[in-house]
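# I would like the atomic coordinates for the input below:
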Amino acid sequence: MLNKDEISYVYVKVMKVRNEVVVAICDENILGKMFEDKDRGLKLEVKEGFYRGVKVKLEDSIQYIEKATIVNIVGEKAVRLAVERGFISSSGILWVSGIPHAQLIKMR
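Next comes the predicted model:
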């Protein structure tokens, strides 16, 4: 569970792609980093071009998820909050070198 006394920040980027609202969210401390699991052939690159948007308080990122049709979430705090709020299931998390990544697609 998240520490209520700690203020955490994430980057949120909103993109309109055709009829979709794509939201990318990442913990602030992993922006621009790459994580690799060579044993499983997985690589996760938290590209600034995709994830760097506005810097907001972690709690405020929920409003972006609510309005999105597709969401990419990466980072321990951002993914944990999405699980706690019921947007994603913990079984749907992909772990790459200890970093969680999840995607959400809302069906219309």
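# Which of the helices or strands spans Q103?
Element membership for Q103, per DSSP states H and E: strand 99-105.
# Report the rounded mean pLDDT for that strand.
For strand 99-105, the mean pLDDT works out to 97.
# contacting residues for L104?
Listed by CB atoms under 8 Å, 6 or more residues apart in numbering, the contact set of L104 reads 65, 68, 70-71, 73, 82, 87-88. The way it works is simple: take the backbone N, C-alpha and C, and place the C-beta from them, glycine included.
# Return a ChimeraX selection command for the buried portion of those.
This is how ChimeraX selects the buried members of the contacts of L104, with burial counted by 16 or more other CB atoms under 10 Å:
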select :65,68,71,73,82,87,88
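# which two in the contacts of L104 are spaced the farthest apart?
Between any two of the contacts of L104, the greatest separation by CB to CB is 13.4 Å, found for I70 and A82.
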